[in-house]
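Participant: here is my input, please return the structure:
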Amino acid sequence: MHTIYLFLDDRRLNVRKNVLRVTHQAKKIQKELYVDPATSLVNLAWGYPFVFFHPGLDKTIMLYQGWSIDRNIITNTLSLAAYSDDGLNFAPFDMSGNDIGEKRILANQVLPYRLNDFIFAEGQFFYLPNLTGERKFLALCIYKGQQNVFKAYVFTSRDGLSYRHEQEVLWHDGNDAPDYPLSVVYDSKNCEYLLYRRPRHTDRRIAVSHTKDFRTFSEPQLILQSDALDRPMTDFYGLTAFNYADYVIGLLMVYETPNYLVKDGKRVSGLPGHKFDGGPVIPQLAYSSDGNHFLRGERKSIIDNEQYPCVYPTCVTTINNSIRVYASVTSEEHGRVAPGKGGIAIYEWRKDGFVSLHFSIEGGLVITRQFIYRGGPLLFNIDVIEGSVRIQIGDDDNKPLNGFSFDDCAAFTGNELTHEFSFNKCHVNDLKGQVLVISVMAHNTDLFSISGDIEWLTPYQAMIIRQEKTPL
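Facilitator: Prediction:
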């Protein structure tokens, strides 16, 4: 089984000398933010974009929401659409050919603003190819009624553009449907979806609900909340989770709320006790092996946020040899929606590029734990800034195997996503079926991942295998 080991932690390592773990920020790749032209009406600070390629149109479609600036026209948000020929530069997409049961407020409006006595409050879109029938695209929304009632409605679509309200389905039970953002991950092991959301309205923690069909949902179970290592007065805004390699990677939006309730005679929220006006929202790294139990990386931004104090990444795709993320951003602090200040930004990491092990300029050493090598290439995602890299392959006790020492290895100097080391007289595939250990020796180098057909072992498992092969 081909596995990719990212160096998010030291779980697969036995030795790490003169090597630091580095968190790499995704970098913005487009020249200008996408800002909906209706700047007098909507702000995209909470745009929460979803992006997909539409083969029938030969266009990249982006669905997002615009937050109200002019409350004489809309009191909450509008769901909107844009299109692009290259996935980078977008323009509003005229949706007037699709009936939404009411007169559109903007030509690129996707979902109805009014639904019976309720008004659209927030919504996000998802493509879920494992769902049966024509329910491949979903819009999970909340609509607001009288007395601060929030209902969790579901819309479905077969083409991603024309949506139908499924009246019998609610993705949250009760009148306190949680505010956004949301994310969805498919768990292939259990053939179900994991819906990451807040437990209830204004409860800024992260919970997960399970569903196989997006018709019935388990009760939300709390999985993440701020702790003593976070900055004071921190809330969790949302978690954008996605399957990547052998992990569920999470972009955890951390809201450093203002440490006051009233400033200059102004309350920080119209809702008593609720922090809203002021403070940054910073995306940080989280990760999981099963989608239910998450660990956290460094408490620093995983996306370049120098220009924008609030970054909300909600759509992640792989493009060639990079990881692309679409995020709503704003140059203002949380809760402020001046015209034109919020927009959609596009960022990228290199393949496997969330975290690296950085070997010092003086030289560093990493030794892995034992694994069974099943054959085929062993690939290293590696960037040699200055210097060189060699590896050594040892037995289960890290004794160098004949022909696979550092001296036998051809030094590498370069930047490759899938480098395969070579040896003078031997080939790695000669070691198929053996329990091995890899040592990496490098100078001024970033190592992002090791991948191959390998099965990681605990020391006890390696010992049992050795006993079975050793005659009494």
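Participant: ok, and the closest non-adjacent residue to residue 323?
Facilitator: If the residues on either side of it in the chain are set aside, residue 323 comes closest to residue 349, at 4.4 Å by CB to CB, 6 or more residues apart in numbering. No exception for glycine: its C-beta is placed from N, CA and C like everyone else's.
Participant: ok, that neighbour touching residue 23?
Facilitator: No: under the criterion of CB atoms under 8 Å, residue 349 is not in contact with residue 23, lying 10.7 Å apart.
Participant: in terms of neighbours, single out the busier of those two.
Facilitator: Higher neighbour count among residue 349 and residue 23: residue 349, with 20 against 16, using other CB atoms under 10 Å.
Participant: how close does that one sit to residue 161?
Facilitator: The span separating residue 349 from residue 161 equals 29 Å under the rule CB to CB, to the nearest Å.
Participant: residue 135 now?
Facilitator: From residue 135 across to residue 161, the span is 15 Å (CB to CB).
Participant: ok, residue 289 next?
Facilitator: 36 Å.
Participant: next one: residue 102
Facilitator: With distances taken as CB to CB, residue 102 is found 17 Å from residue 161.
Participant: what do you get for residue 60?
Facilitator: Separation of residue 60 from residue 161 (CB to CB) stands at 13 Å.
Participant: and what of residue 120?
Facilitator: Between residue 120 and residue 161 the distance, using CB to CB, works out to 17 Å.
Participant: the more surrounded of these two?
Facilitator: Between residue 120 and residue 161, counted using other CB under 10 Å, the more crowded position is residue 120 (24 against 18).
Participant: which helix or which strand is home to the more buried one?
Facilitator: Secondary structure assigned from DSSP states H and E places residue 120 in strand 118-127.
Participant: for that strand, packing partners?
Facilitator: Helices and strands in packing contact with strand 118-127 are listed as strand 50-54, strand 59-68, strand 77-84, strand 137-144, strand 150-157; criterion 3 or more CB pairs under 8 Å, 6 or more residues apart in numbering; DSSP states H and E.
Participant: go through these and name the closest to residue 308.
Facilitator: Evaluated with CB to CB, the helices and strands packed on strand 118-127 place strand 59-68 nearest to residue 308, the distance being 15.5 Å.
Participant: so where's this structure uncertain?
Facilitator: Segments of the chain classed as low confidence (criterion: pLDDT under 70) are 471-472.
Participant: list the contacts for residue 433?
Facilitator: With contact taken as CB atoms under 8 Å, 6 or more residues apart in numbering, residue 433 is in contact with 372-375.
Participant: so what's the backbone phi/psi at it?
Facilitator: The phi/psi pair for residue 433 (degrees, to the nearest 10) reads phi 90, psi -10.
Participant: ok, it to residue 455 distance?
Facilitator: Between residue 433 and residue 455 the computed distance is 11 Å (CB to CB).
Participant: can you check residue 150 too?
Facilitator: 47 Å.
Participant: and residue 236, by the same measure?
Facilitator: To residue 455, residue 236 is 35 Å away according to CB to CB.
Participant: tell me which of these two has more neighbours.
Facilitator: In terms of neighbours (other CB under 10 Å), residue 236 is the more surrounded of residue 236 and residue 455; the figures are 20 against 13.
Participant: so the more buried one makes contact with residue 206?
Facilitator: Yes: between residue 236 and residue 206 there is a contact under CB under 8 Å: 5.3 Å.
Participant: overlap in contacts of those two?
Facilitator: Residues touching both residue 236 and residue 206 by CB under 8 Å, 6+ apart: 224-225, 252.
Participant: where along this structure do the helices fall?
Facilitator: For the chain, the helices defined by DSSP state H occupy 459-469.
Participant: domain map for it?
Facilitator: With automatic domain parsing serving as the domain definition, the record reports that the chain contains domains spanning 2-23+356-469, 27-352.
Participant: may I have the distance across stretch 324-335, first residue to last?
Facilitator: In stretch 324-335, first residue to last residue: 26 Å (CA to CA, to the nearest Å).
Participant: return the set of buried residues in that stretch.
Facilitator: Neighbour counts over stretch 324-335 (16 or more other CB atoms under 10 Å) mark 324-332, 334-335 as buried.
Participant: show me what contacts residue 62?
Facilitator: Neighbouring residues of residue 62 by CB under 8 Å, 6+ apart: 34, 49-51, 81-84, 90, 326, 344.
Participant: if it is in a bridge, with which residues?
Facilitator: Residue 62 has the following beta-bridge partners by DSSP bridges: residue 51, residue 82.
Participant: state the distance from it to residue 107.
Facilitator: Using CB to CB, which is the criterion applied here, residue 62 is 15 Å from residue 107.
Participant: does residue 406 touch residue 441 like I think?
Facilitator: Yes: using CB under 8 Å, residue 406 makes contact with residue 441 at a distance of 5.9 Å.
Participant: who has more neighbours out of those two?
Facilitator: residue 441 (20 against 14).
Participant: partners of the more buried one in the sheet?
Facilitator: residue 365, residue 390.
Participant: may I see the buried residues of stretch 246-262?
Facilitator: Going by 16+ other CB under 10 Å, stretch 246-262 has these buried residues: 247-258.
Participant: gap between the two ends of that stretch?
Facilitator: Criterion CA to CA; first-to-last residue distance in stretch 246-262 is 46 Å.
Participant: cool, and stretch 74-90?
Facilitator: Terminal residues of stretch 74-90 lie 24 Å apart, using CA to CA.
Participant: could you do stretch 22-40 as well?
Facilitator: For stretch 22-40, the separation between the terminal residues is 42 Å (CA to CA).
Participant: please apply the same query to stretch 449-465.
Facilitator: When the termini of stretch 449-465 are compared using CA to CA, they are 26 Å apart.
Participant: what's that stretch in contact with?
Facilitator: Applying CB under 8 Å, 6+ apart, the external contacts of stretch 449-465 come out as 1-7, 12, 245, 352, 368-381, 396, 418, 435, 438.
Participant: burial count for residue 166?
Facilitator: Residue 166 is surrounded by 16 other residues when neighbours are defined as other CB under 10 Å.
Participant: was I right to think residue 401 contacts residue 408?
Facilitator: No: Residue 401 sits out of contact with residue 408 when judged by CB under 8 Å, with a separation of 9.4 Å.
Participant: quick one, what contacts residue 128?
Facilitator: 135-138, 184, 186, 193, 214.
Participant: my error: substitute residue 415 in the last question.
Facilitator: With contacts defined as CB under 8 Å, 6+ apart, the neighbours of residue 415 are 382-384.
Participant: looking at those, state which has the most neighbours.
Facilitator: The most neighbours of any of the contacts of residue 415, using other CB under 10 Å, belong to residue 382, which has 25 neighbours.
Participant: residue 215 versus that one, what's the distance?
Facilitator: When distances are taken as CB to CB, residue 382 and residue 215 turn out to be 46 Å apart.
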